[in-house]
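In: Structure of the sequence below:
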Amino acid sequence: MAVLTEEQTMLRDMAREWVDNEAPVTAFRRMRDAAPAERYDSGAWRAQAEMGWPGILVPEALGGVGMGYVSLGLVLEQLGRNLTASPLAATAAATSAILIGGSEAQQSEWLPRIAAGEVVATLAIDEGPRFAPDRITTEAAGGRVTGTKEFVAEGDGAALFVVATTDGLWLVPEGEGVTRSARQMVDSRSHAQVRLDGAAGERLAGSDELLTRVTDRAAAATCAEMLGMAEAAFEKTNEYLKTRVQFGQPLSTFQALQHRMAKQFTELELTRSVVEAALEAIEADRPDVPQAVSLAKAVAGETLHLVSRETVQLHGGIGMTDEHDAGFYLKRARVLEAQWGNAAWHRERFARLNGY
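Out: Residues are numbered from 1 along each chain as shown. Below is the predicted model:
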């Protein structure tokens, strides 16, 4: 487990308290039923902005708090626990692109507005149903970007897109030439198709590895959310087994169920270790960031798949109903497992990076 500073501990505890009090799973259910265009509660997002969360990665000189990726992970983990619909992860991923490849003028223009919660930003990378950063056909020429991006997270409400093109990453603000179409996914969150038809943009500077560096940071942020989801789903199931009586005794007394819960617990401990290691590697800008992120994403994906499936199964019939929260965790899990590469994709990448 990562050793946290006093400031990070306070941030984690504050995030946990806010999520439990202001954004329980019932809040997600209300958002799903109301179905706002942006697919999140704008009031809750303003509250998160007031607490400084959109500015966690932004330097203090540009209006942020500059606490780094470990701190970001702590907040995303808490949001994941209650399935809080928030554009924080997507905005943080776009923020990392501007921090790495943005000019001084680009950073000054966008980062203060992002830190204040005025601008929701996101990555627009994939052009098909699967993560394929090596299959980009979107073109940029003469300051104009043309192409189509599929399943852009928070694309319905974003004001700024970091777009992958054959000529690197480009900043494209909403406006003329940008058309978005909502895509209905099982997790009831925003996943828009974004069409760019000669949209005005500015190129981010950086090496050929900029796209990889940015998507690695996006994947690590997703892993933190997945960790929080897995922990909450496990806790809910564990509590249910302790209170649900069958054949005159609690379900938790049955050895077969104890073994299944023990398996989940050990996988959760391993997942926390690799997710925190990935965030620490990014914060330290170590050369093994790609390996650390791929290990974290593969393990987090498999663990969340296991825990979310067991949550539904071990709750029995009620777990399969919409009235119970178990299905929400399973549906969100399946989306995040695929986002930024599934477990198989990252296992293959990890092996290749290590010379196998």
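In: max-length helix in the protein?
Out: Determined from DSSP state H, the single longest helix within the chain is helix 210-243.
In: Name the helix or strand of this protein that has the lowest mean pLDDT.
Out: Of all helical and strand segments in the chain, the minimum by mean pLDDT, DSSP states H and E falls on strand 245-246, at a mean of 88.
In: what lines up beside that one in the sheet?
Out: Taking DSSP bridges as the criterion, strand 245-246 forms sheet pairs with strand 249-250 (antiparallel).
In: about what we covered before: and the longest helix of the chain, which residues are buried?
Out: Buried residues in helix 210-243, counted by 16 or more other C-beta atoms under 10 Å: 210-211, 213-234, 236-237, 240-241. Placement of C-beta: from N, CA and C, glycine included.
In: pLDDT below threshold where in this protein?
Out: When residues are selected by pLDDT under 70, none of them lie in the chain.
In: quick one: the helices in it?
Out: Using DSSP H, the helices of the chain run over 6-22, 25-34, 42-50, 69-81, 88-101, 104-115, 210-243, 255-284, 289-314, 326-338, 343-353.
In: what's around the residue lying closest to A49 once chain neighbours are set aside, how many residues?
Out: Spatial nearest neighbour of A49, chain neighbours left out: G117 (2.4 Å); criterion: C-beta to C-beta, 6 or more residues apart in numbering. By other C-beta atoms under 10 Å, the residues close to G117 number 22.
In: gap between the nearest residue to L79 once chain neighbours are set aside and Q249?
Out: Closest residue in space to L79, ignoring its immediate chain neighbours: S86 at 5.4 Å, by C-beta to C-beta, 6+ apart. Separation of S86 from Q249 (C-beta to C-beta, to the nearest Å) stands at 41 Å.
In: cool, and S190?
Out: S190 is 45 Å from Q249, where distance means C-beta to C-beta.
In: ok, now E150?
Out: Note on E150: its distance to Q249, by C-beta to C-beta, is 50 Å.
In: Who has more neighbours out of these two?
Out: Taking other C-beta under 10 Å, E150 and Q249 do not tie; E150 has more neighbours (17 against 9).
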